[in-house]
Structure formats: C-alpha cells, structure tokens
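In: Provided below are the primary sequence and the corresponding predicted coordinates.
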Amino acid sequence: MPTSHAQPDNGVARYGACLAAQKQGDLLILVDESSSLQNTDSKAARVQAAKYLVQTLGRYADRIQAKLDVAIAGFAENYVSEQNWTPLTGGSAQHVGDQLSTLASKNDGIDTDYWLALDGARQALASRGSGVGGADRCQAIAWFSDGKIDFTARPLTKPYADGVRLDSPNGVAETVQRATESICRPGGLADQLRSRGIVMLGVGLGDAASASQFDVMSAIATGRGLNGMPCGNITEPTPGDFYRVTNIDDMLFAFDSLYPDPGVPQRKGPVCELQVCQEARHDFVLDRSIKSVKILGSGGTPGIVPYLISPSGQKVELSNRTGQVSTEITGTPVQYEWLSDSSQTITIRNSGSPDWAGKWAIVYVDTTGQHPDAVSRVSIHIITDIFPVLIDAANLAWHSGQTINGLTFGLADGQGHPVKPDELAGSATMSVALEPDGAPKIPLLVSVPKNDIGKPVDADLTAVKPGHAILRMSLTITTAPAIDRNGAQIAPGTTLSPQDVEMSIQILPKLGLPTPASRIDFGTVQAAKGANGELAITGPGCVWIAADDQDNVIAAPDGIGNTRITSPANAPETCLKVPSGQTAPLPVTLRTDRDGRGGLSGTVPVHLSSLTNPSDAQVVDVAFVASLTKPLSKTNFVLVFLAALLLGPGIPLALLYAGKWYAAKIPGEPMLAERIPVEVDPDSDTVIRNGTPFAMADTDLLRLVPGLAGGARKLSVLGVTLTATVGRSPFGTGHIVVEAEGRVSVGSALPGTDRTGLKAVLPLAVHNKWVVLHDPSGPPNAADVLLLVGGRTDTAARQRIYEDIGRRLPELLAALRHRAVDAGLAGPTESERGSPYGQAEATTPPPDPFTTAEHTARPGSHDSRPFDPFDEGASCDDS
C-alpha cells in the first residue's frame, strides 16, 4: 500500500473542487529523467501509471465539460518541456499517452535537480494566466522522482548557488544545501508555487530502507516531510500530498488519488484461495441515482484474478487479457483492462438493469493457491455526477459591510443542469462556508439534510474586509441501503467521500465606492529596473496607492531586497477619478532592489473613496504577482571566460561553443506553414478569421517549407525569417529568433520573446509551434499568426494547434501590444486615451553597453552578431 502523507483537507481534493467550480485548469506531469531510473524503474512503470492518470482525467473532463490542459516535462540537470499544453479529453488521452511513452527511454540525466525542476514548472504554469474572474487557475503538478536532490561533480555553478562550483571541495553537498534552503525558506520556491494555489502530488519511488531520502520531496509537497522537515510558510490548507511507492501498483494507486470523483477510502484485504469466498469481499452499495462505478484494484501478485459480484449473487471473472475487454453481468455493462500483471481498472455503468441497486462486491481469488498471504486492495469511485452549487451565483455582488439575504444553494449535474435533492435515492448532507483570506470562516450551511439544502440563508459581511475569499461547498452522499425482496435491509448504504466545490469570491468594497480588479499581474519582468502594470478600476470613485504604504510580500525570489509598488496616483489630491459606469487603468510600477529569478506575490494597500469625499476612504489589499527574471552578469561572464582562456581550458570551452553551434539547427523534418490574418473581438476575446471564429480551413497547411533537408540555420517562411542562435553560454541548446520586418512578435513556446519582449523566440524544434506577428502601427486587435506544423502530423494534431491558438492568442497579443506601447512603437489605444492619466509613462531602461540601440529598439532588425559569446545576440536567456 502506498504510504500517504496527506490530511483530510488534502491538496488533491482541493484541485478537484476547483475544477468542479471553474470548469478549466492545468495539470503538469513532471517526471525524473536521471540515470538512477535505469535500476529503480527499468520497465518504465512511471509511464504506465501516468498514462492511467491522463486516461481517467480525460474522461472526467469530458463528463463535466471541463477544459483541462495537460503538459509533460522532465528534469535531471535541467527542466525540459517534453509536451506543450494540450487539451485533455477522452479522445486526446491516447495522444498524450503516446507522448508519455517517449519518457521511458529518457533516463540518463546526471543530476536530480529539484530547484530547476520546480522553477521550470512554476514558469510553465505562470504562463497560463489567470482563471475565471481573475482568480488563480486550477493547477496541479504530478511530480515523480526516485531520489533525493543530488548532483554530479563538474565545473559548473547552479543559479541558486552563486560562488559554489560542483567540483569544489564539498561543492555537491553545499549545492544540495543551497537548493534545499532556497526551496523551503519562508517565501521560497515552495511558497512561490503555493501562493498561486498550485497543488502538488509527489510520488517517490523507493523501498522502506530509502524512505529518509524523500524527506525533502515530501516536505515540498505537503509542508512537512516524512521525517519532520518543515518547508515554507504556506502550510494551511495542506499544500498537497506525497506517496512513497515501491512498484507499478503503488504508482497506479498514487496517481489515482488525483481522480476527483467521490468514492470510498482505499481498502485492503485478503484474497480467496482457488474460489470466491465471503471473507475477501470488498462490498459497496449502489442505488438508482448512481451513474457508474470506477474501480482500481490489485491482487498484489500475478496469478490473482478479480471477480465482480452483482446484488443477485451473479459473478463474472475478469481474467487477464490484452487490451480493454467488454463483458456484462445481469444486464450491466462491464469494461476492464489489466494495467499490470496484478492490477486492473474496472468500470460498470447504470443501464437500468433491475440488478443495479443493491450490494455489489469485488473479490480477488488466488487461482494458483500459492499465495496465502497475498493482500488485495481497491480504490472505488462511485460516480453520482451531482455537485453542490450556489444558485444565481453570476448575479450576486458580495459587498463588505452588508448582509446578503436569501442565498440559495442547490444541486446540479456535471453539465450544470439542476438536480432536485429528492431525486437522490439515498441521503445527503451539505455544508457551506465562506472563508475570507486571513479571517475566520463564516458558516452558511452545516451538514443540512438534502430536504433543507434549498432553504435560503443570509451571509453577514458587516465585519468582513474587502478582498479575496473562497466559498467552500461540500456534498456528502450516502447511497440507499440494500434491501431484500421483502424490503428488509441487508446492508447499509455506502457513504462517499465529499464532493467539494470551491468558488473564488471577491468581497467588494462598500456600496458607493469604486471596485478594483482582483489582482495586478506584471507578467515576466526584470524588476530592478522597474516594471509597469495596471489595475483596472470600475467607477464611480477615487483611487490611489499612498506613497508611504508598504506592500506585503508573501513569496519572493532569493536576494531581491525590498519590493515597492508605486503609482502616480499616490494621494487623495492626485487620485485616479473614474466616473460611474466606466473602467479605467490605475498605472502602477513594480521595483525591487535587485533582480532575481522566481515568483513574486503579495498584496498592496489600495485606497478607495467616493468622488466627492476622498477623506473618507476604505483600504483594500489587492493581490499582485510577477515572474522575475535575472539577466546573466556580463562582468562575471567576461571574467570567467577570460580566466578560462588564460588558465588552460580555453580549447575545451571553444569546443563546447563549437558543438553548441553545430547542433543549433532547425531539424530537417518536413514542415508545412500557413500565415493567417486574424482579429480579436474586444467584447468576447474570440479570435476571428474572415468574420468567423478561428478554425482550420480545408485549404490550410498545403505549403511545404523548402530548404529543410539536413536541417537549417536560417529559413525564410512566408515573409518571416527564422535564425538559429546559440546565446552566450557554452552549455544548453540554441534557439530560434523570429524576425519580420515592421512587426513585433511573440512565440507560442516559453519564454516567447527575447528580453526586449518584442521579438519572438522559439525552440530549435519549431515544428508544431506558432508565432503572433503584430504591426504596432496598425489596429491593436489585429495580427497575423504564423503556423509551423510538422508534415507528418494528422488532422487531430493540427486541430489541437488551432484550438491552442484560439485559446491563447488574445492574451499573447494584448501583452505584446502593451509592450509595444511601452517601447514607444505604438500609440495608446482608445481606452488608454480615455484614461484620466492618458498613457502611463514607460520606464526607460538604462543604456546597455553590450547591446546596440538599434538592436533593442527596432523590431524586425537583423542581429549581425548572433554568435558573439560576449553578447546575447537575440538571446532570451543564458543558454
């Protein structure tokens, strides 16, 4: 049995509750690729378990109509994106599984670098933007590793361990310590993930003797390690869960914990010898309102076979056969599949059979009679497809200082259709509480029976400050008892785990005051030189950030010093005045003492008053977030480079550069291209093509890009030039710079642009990527999208790329336009002209002696020095 280090209020349950509310979210599968896996997981059981996870979540997303996206990444000495964000559905699960299969052979890494793995995951998830209503997106990391933080000694310094070379005396041990401290210090990398609501499911592969090596990993996942190590400040509610596993069955049960549907706690028991027996039954009771049941089961060893037993006593053997098998029992359809030589997934569906309601069982039988001590275990998910809901939630305004009368709760199915409580054959209780950030929770319903769920209740907000809150709704269903033909009870109903739903609520200021947006998102920035942002304000009212107010930092990168958020509206006399019915941006600037690498989050006090009485103000703590980047120190690089040349290793270093340059090519695989003009509808944020929503046309992707035979360092595609560049560091891989005369651009893969924010960069493998090309002198909502699609992709894969464009392009274009305005390449939009402040003054970076003015200011210009080791060329990072 996997050892769970979870609490009743566990992280994965909150992830499911968020998905049930927002109907959208992200899952990042993060898998160790270190060489130790050649011994610990030689059969790649991690891949099989991850495939099971995506298959079950894909079907769940279909059923509740959720837009769930999944990405795959690996880590060893670096974080490596293996599969970009892909919509996860029942239909796409096979494609995602195929991508997971490629991880089976990726087991030759020389480090186990938690820090770079988690920071890469943080950046990938931060790039997804906000969730519904500006709240945090529903996001989780399924993180697999077979060992502790470890490094191979070599002449290298990690970014979080300045001054410590891995090949120095105690270099490995000190780097391990630096990484652990940077992750687990208050406000460190673990808190940076938790502050964004990201749930962590950690799965550590190792036997009981190796349990101590997972103290750090389990602490990162849950807040406290298996051996008691604390990690971070944000530990309530429990950040996530950790499972120590030893084999394929353990992994399957660990990943099964991410499945959101209610069920019963994982059970274990004996197995029967040679034939079905009473003492080994795993019983569960169903009634007519149950839609289906999904069982993950294991007999613990080969040769043990499950039997499914219906309420009438009929049984069916689920023998070990290849692939998915369909059968039936007394009119109930059964599907099952053996996932290993001892484990299976089993699904039964309510087809209206008279033998559906009653006491069912799954029993494991040792057909060999040779395993008397074998242990069976099952995880049973009983699917009601019924969720708690707040009636008319979209039309409710939660104002501080008021009592909201007549809140009504109810039930709905996964597609949002109302369900009457009396349609439940069994019993149910519902609890609801409003939990404002940093304040006691306000109970609204406490275990009320199903017949009282719809009775109106009041929410007293008279003492609640404006800001963020969570509305937690929990429905616990107990199936109707099993009865015999005479109506006598033969078994009590089965009580399911709660079906939770978590809605993000914004507690608004008092009536008559302006309303700020829920957060300020500065995006990815170098904050030491200042980064501009804005906070949307809806009138009527007057808003300012006082010059002497201090922001509250919750999590921040190492060594950035003080953080300050300021605004030209810094007093009642200079406040931003917004008329009734209008929305205007409050310009803000973020600045830190020093640059850093990591996530920054916190709150800033914002003063709100009426237009007529600025002296009577209410203060609201507004959240802010940013992803900070730290440029490579040019001085340190030059000194190290010259020292290397003088002290001897200059030739090997030159060989590293030469090898990196040689490998910096666009792969010589067939590629199709299409350049499509689009617009973004300002009202719906819909991407429009020729007057209709963006979609693939029959005439698309018929152009084969010439010049790719053997790979290419430079390629012209439909008026756009793709150039390979290697950057300054001799390590890592090169990337592609995208140049289009007169256009600013952003790519679909991280980091998207070079450090100017105006020129797209792509990985060398440009196939199945896309680029947004925007004319800064043209309309702010117009662009071209350049598609670069692998010539061997099928229609389904191409359709996913088009769907990705439709979903992500509006946000990418808006951010690109904003950067163009800040750089003086584009004029302000109408909304900016109408702002009481007009265009916010852009922060001008100091002159850069390593970059020409032409290089930084003019989009589409050619970088004449892409391979100069002392200059970034068009590089976006240090690789």
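Out: Yep, it's here. Residues are numbered from 1 along each chain as shown.

In: now the helix ranked longest in the chain: mean pLDDT?
Out: Among the elements of type helix in the chain, defined by DSSP state H, the one spanning the most residues is helix 795-822. In this model, helix 795-822 has a mean pLDDT of 91.

In: cool, stretch 701-718 as well?
Out: In this model, stretch 701-718 has an average pLDDT of 81.

In: before we move on, what about stretch 825-837?
Out: Stretch 825-837 comes out with an average pLDDT of 54.

In: go on, stretch 187-202?
Out: Across stretch 187-202, the average pLDDT comes to 96.

In: how about Cys542, nearest residue that isn't a chain neighbour?
Out: Cys575 (4.0 Å; CB to CB, 6 or more residues apart in numbering). Heads up, the C-betas are built off the backbone N, CA and C, glycines and all.

In: for Leu308, that is, sorry about that
Out: Val316 (5.2 Å).

In: re the thing from before, can you name every helix or strand that the longest helix of the chain contacts?
Out: For helix 795-822, the packing partners by 3 or more CB pairs under 8 Å, 6 or more residues apart in numbering; DSSP states H and E come out as strand 79-88, helix 93-101, strand 671-680, strand 687-689, strand 744-747, strand 769-774, strand 782-790.

In: could you dump these to TSV with distance to Ser310 and mean pLDDT?
Out: As requested, the helices and strands packed on helix 795-822 are arranged in TSV below (distance: least, CB to CB, whole Å; pLDDT from 0 to 100):
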stretch	distance to Ser310	mean pLDDT
strand 79-88	33	92
helix 93-101	29	92
strand 671-680	53	93
strand 687-689	51	94
strand 744-747	56	95
strand 769-774	52	96
strand 782-790	49	94
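
In: re the thing from before, adjacent strands (with direction) for the helix or strand hosting the residue nearest to Leu308?
Out: Using DSSP states H and E, Val316 maps to strand 315-317. Paired strands of strand 315-317, with direction, are strand 304-309 (antiparallel) (DSSP bridges).

In: and the helices in the stretch 1-150 of the chain?
Out: In the stretch 1-150 of the chain, the segments counted as helices under DSSP state H, counting those that start in this stretch are 11-22, 37-40, 45-64, 93-101, 114-126.

In: which one of those lies closest to Ser504?
Out: Taking CB to CB as the criterion, helix 11-22 is the member of the helices of the stretch 1-150 of the chain that comes nearest to Ser504, at 7.6 Å.

In: who's in contact with that closest one?
Out: For helix 11-22, the surrounding residues in contact (CB atoms under 8 Å, 6 or more residues apart in numbering) are 6, 25, 64, 66, 68, 131-132, 135, 137-140, 197, 199-201, 221-222, 237-241, 257-261, 387, 472, 497-504.

In: outline the domain layout of this structure.
Out: According to automatic domain parsing, the chain comprises the domains 3-254, 267-383, 386-507, 515-628, 642-857.

In: tell me the mean pLDDT for the fourth one?
Out: Looking back up the chat, that one is domain 515-628. Domain 515-628 shows a mean pLDDT of 94.

In: could you tell me the end-to-end distance of that domain?
Out: End-to-end distance for domain 515-628, by CA to CA, to the nearest Å: 28 Å.

In: can you check the second one too?
Out: Between the opening and closing residues of domain 267-383 we find a distance of 18 Å, counting by CA to CA.

In: show me how far it is from its chain's centre.
Out: Relative to its parent chain, domain 267-383 has a centroid offset of 34 Å by CA atoms, centre = their mean, to the nearest Å.

In: stretch 170-188 too?
Out: 24 Å.

In: now do the helices in the stretch 601-750 of the chain.
Out: Counting by DSSP H, counting those that start in this stretch, one finds helices in the stretch 601-750 of the chain at the ranges 634-647, 650-663.

In: one more: the stretch 201-350 of the chain?
Out: Counting by DSSP H, counting those that start in this stretch, one finds helices in the stretch 201-350 of the chain at the ranges 215-222, 248-256.

In: ranking those by mean pLDDT, which is last?
Out: Checking each of the helices of the stretch 201-350 of the chain, the one with the poorest mean pLDDT is helix 248-256, at a mean of 91.

In: export that one as PDB, just CAs?
Out: The C-alpha atoms that make up helix 248-256 are tabulated as PDB, following Å, rounded to 0.1, in the frame of the first residue of the first chain:
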ATOM      1  CA  ILE A 248       3.700  -0.300 -10.500                       C
ATOM      2  CA  ASP A 249       0.700  -1.000  -8.400                       C
ATOM      3  CA  ASP A 250       1.700   1.600  -5.800                       C
ATOM      4  CA  MET A 251       2.200   4.100  -8.600                       C
ATOM      5  CA  LEU A 252      -1.200   3.500 -10.000                       C
ATOM      6  CA  PHE A 253      -2.900   3.900  -6.700                       C
ATOM      7  CA  ALA A 254      -0.900   7.100  -6.000                       C
ATOM      8  CA  PHE A 255      -1.900   8.700  -9.300                       C
ATOM      9  CA  ASP A 256      -5.500   7.500  -8.800                       C
END
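
In: got the buried residues for that helix?
Out: Within helix 248-256, the residues that count as buried by 16 or more other CB atoms under 10 Å are Ile248, Asp249, Asp250, Met251, Leu252, Phe253, Ala254, Phe255, Asp256.

In: what sits up against it?
Out: With CB under 8 Å, 6+ apart as the contact definition, helix 248-256 has outside contacts at 1-2, 43, 45-46, 48-50, 52-53, 56, 142, 144, 201, 203, 205, 243, 245, 266, 296, 298, 300, 339-340, 342-343, 377, 379.

In: equivalent analysis for stretch 711-720, please.
Out: Contacts to stretch 711-720, defined as CB under 8 Å, 6+ apart, come from residues 664-668, 673-675, 703, 705, 707-708, 721-724, 738-741, 771, 773, 786, 788.

In: from these, list the buried ones, please.
Out: When burial is judged by neighbour count using 16+ other CB under 10 Å, the buried members of the contacts of stretch 711-720 are 664-666, 673-675, 705, 708, 721-724, 738-740, 771, 773, 786, 788.

In: which neighbouring elements make contact with the host helix or strand of Leu445?
Out: Under the criterion DSSP H and E, the helix or strand holding Leu445 is strand 442-449. Here strand 442-449 touches strand 427-436, strand 457-460, going by 3+ CB pairs under 8 Å, 6+ apart.

In: out of the ones you listed, deepest packed?
Out: With neighbours defined as mean count of other CB atoms under 10 Å, these peak in mean count at strand 427-436, which reaches a mean of 20.

In: tell me the angle that strand makes with strand 442-449.
Out: Orientation of strand 427-436 against strand 442-449 (axes from the mean of the first three to the mean of the last three CA atoms, to 10 degrees) gives an angle of 180 degrees.

In: run the chain-centre distance for strand 427-436.
Out: For strand 427-436, the separation from the chain centroid amounts to 27 Å (computed by CA atoms, centre = their mean).

In: and it, average pLDDT?
Out: For strand 427-436, the per-residue pLDDT values average out at 97.
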